[in-house]
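A.B. asks: my questions concern the predicted model and sequence given below.
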Amino acid sequence: MPVLIPNQGNPLMTLGEYDISHPYTATLISSERITPKTEAEVRHLVFQLPDDAGFDFLEGQSIAVLAPGPHEFGNRQHIRLYSIASTRRGDAAQPGAISICVRRCFYIDDVSGERYPGKASNYLCDAVPGGRIQIAGPYGAHFLMPADDSRNLLMVGVGTGIAPFRAFIKHIYDEIGGWEGKVRLYYGARSGMEMLYRNDLNRDLGLFYDERSFQAFEAVSARPYFDETSTLDRLLVEHQVEVWEMISDPKTYVYIAGLHEAARKFEKAMIAMAGSKQAWSDKQKQLIEEKRYAELLY
Ligand SMILES: Cc1cc2nc3c(=O)[nH]c(=O)nc-3n(C[C@H](O)[C@H](O)[C@H](O)COP(=O)(O)OP(=O)(O)OC[C@H]3O[C@@H](n4cnc5c(N)ncnc54)[C@H](O)[C@@H]3O)c2cc1C
């Protein structure tokens, strides 16, 4: 196992700085759509690594997917990162099985106005079981859980940002068997059916809602068809007594994951709770210095 120190590492690396010189060939075992056809497509993909791969990862880390070319500008591979959604013991406790959750992305060309499919996400969402995919990693030692179970975990995310938290929660309750500190998840999505691992198609995380130390709170957009992800900031403010108590407790670790909007909404709520932008900035600086604040944003 690699020696990894919780909340250490550099979250600000650019894609070109990731070492992809030792890729692994993983075989896709399953690809399950976890949002209904009426919503944006998100898939839960499970890959099997070869027995002798030695690809050891921890909850909170990410992998690179190397989508084969040819691509524009002569790139042989198109490289994108994805958060690992499974635990160190493997997806569904299957050794060597690693999972990710991928949103099929499209973007609009500013000049032509044409809609283009995102390369890596479409490559992954179109892949069929049995297919072989090159991955590299794992990366992201800055987003690991503390080892001490008396610590509180405050997890805030939107959309596919749920992936590392699925891994945390499964590791805590399925593998460790519980957690002394508070485990809180504040999660935003555009609609109830876009709540990943908590909708009619996949209820994976619902299994843990009865755990004594775990509570999850969900926010959906007031205007789901306007591309607004959620009212996550309002949800946090509604629970401000506990949230601020946790933020002020030196035993709390804060994790923010998903689109940058997750961090913007979290900041908005924190400024309201701290009383001013400066007061929150000072508090956040302290959390960062004490290595109790980690972001995984894209
Ligand atoms: C550390 C890290 C972890 C990540 N984890 C995940 C993950 O668990 N699941 C996941 O789906 N993505 C994740 N991403 C985003 C992922 O790496 C890609 O950026 C995304 O899949 C688009 O790549 P692409 O090749 O399909 O699109 P490209 O061909 O590179 O086109 C990118 C276009 O897609 C848009 N876009 C990118 N990401 C998203 C998104 N999540 N939702 C909506 N629009 C988007 C961009 O605005 C841009 O217009 C992560 C990124 C980082 C840096």
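C.D. replies: Good, I have the coordinates.
A.B. asks: please list the residues of this structure that sit near the ligand.
C.D. replies: Contacts of the chain with the ligand, taken as CB under 6 Å from any ligand atom, map to 62, 78, 80-83, 100-103, 105, 107, 118-122, 160, 163, 259, 296, 298. Where C-beta positions appear, they are placed from N, C-alpha and C, glycine not excepted.
A.B. asks: look up phi and psi at the residue sitting furthest away from the middle of the chain.
C.D. replies: What lies farthest from the middle of the chain is Ser112; by CA atoms, centre = their mean that is 32.3 Å. Comment: the main-chain dihedrals of Ser112 come out as phi -80, psi -20, following degrees, to the nearest 10.
A.B. asks: on that earlier part again, out of the residues of the chain next to the ligand, which are buried?
C.D. replies: Neighbour-count burial (16 or more other CB atoms under 10 Å) applied to the residues of the chain next to the ligand gives 62, 78, 80-83, 100-103, 105, 118-122, 160, 163, 259, 296.
A.B. asks: among those residues, which are located in helices?
C.D. replies: Within those, residues falling in helices by DSSP state H are Lys119, Ala120, Ser121, Asn122, Ala163.
A.B. asks: reformat the residues you listed as JSON lines; add pLDDT and distance to Gln284.
C.D. replies: Converted to JSON lines, these look like this (pLDDT from 0 to 100; distance: CB to CB, whole Å):
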{"residue": "Lys119", "pLDDT": "95", "distance to Gln284": "34"}
{"residue": "Ala120", "pLDDT": "97", "distance to Gln284": "31"}
{"residue": "Ser121", "pLDDT": "98", "distance to Gln284": "31"}
{"residue": "Asn122", "pLDDT": "97", "distance to Gln284": "36"}
{"residue": "Ala163", "pLDDT": "98", "distance to Gln284": "24"}
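A.B. asks: among the residues you listed, which two are most distant?
C.D. replies: Lys119 and Ala163 (19.6 Å; CB to CB).
A.B. asks: I'd like to know how far the residue of the stretch 1-150 of the chain found nearest the ligand sits from Glu242.
C.D. replies: When distances are taken as CB to the nearest ligand atom, the stretch 1-150 of the chain approaches the ligand most closely through Gly118, which lies 2.3 Å from it. Distance, Gly118 to Glu242, using CB to CB, to the nearest Å: 37 Å.
A.B. asks: Ser99 too?
C.D. replies: Ser99 sits 31 Å away from Glu242 when distances are taken as CB to CB.
A.B. asks: and for Glu295?
C.D. replies: As judged by CB to CB, Glu295 and Glu242 stand 21 Å apart.
A.B. asks: list of residues touching stretch 249-264?
C.D. replies: Contacts made with stretch 249-264 from outside it, assessed by CB atoms under 8 Å, 6 or more residues apart in numbering, are listed as 7, 60, 83, 143, 145-146, 150-165, 168, 181-182, 188, 229, 232, 246-247, 266, 287, 290, 292-298.
A.B. asks: 7 Å instead, please
C.D. replies: Taking CB atoms under 7 Å, 6 or more residues apart in numbering as the criterion, the residues outside stretch 249-264 that touch it are 143, 146, 150-161, 164-165, 181, 229, 232, 246, 266, 287, 292-298.
A.B. asks: mind listing what's buried in stretch 135-151?
C.D. replies: With burial defined by 16+ other CB under 10 Å, the residues of stretch 135-151 counted as buried are 135-146, 149, 151.
A.B. asks: of those, which belong to strands?
C.D. replies: Judged by DSSP state E, strands contain the following of the buried residues of stretch 135-151: Ile135, Ala136, Gly137, Pro138, Tyr139.
A.B. asks: quick one: which of these is nearest to Glu175?
C.D. replies: Sorting these by how near they are to Glu175, with CB to CB, puts Pro138 at the top with 17.4 Å.
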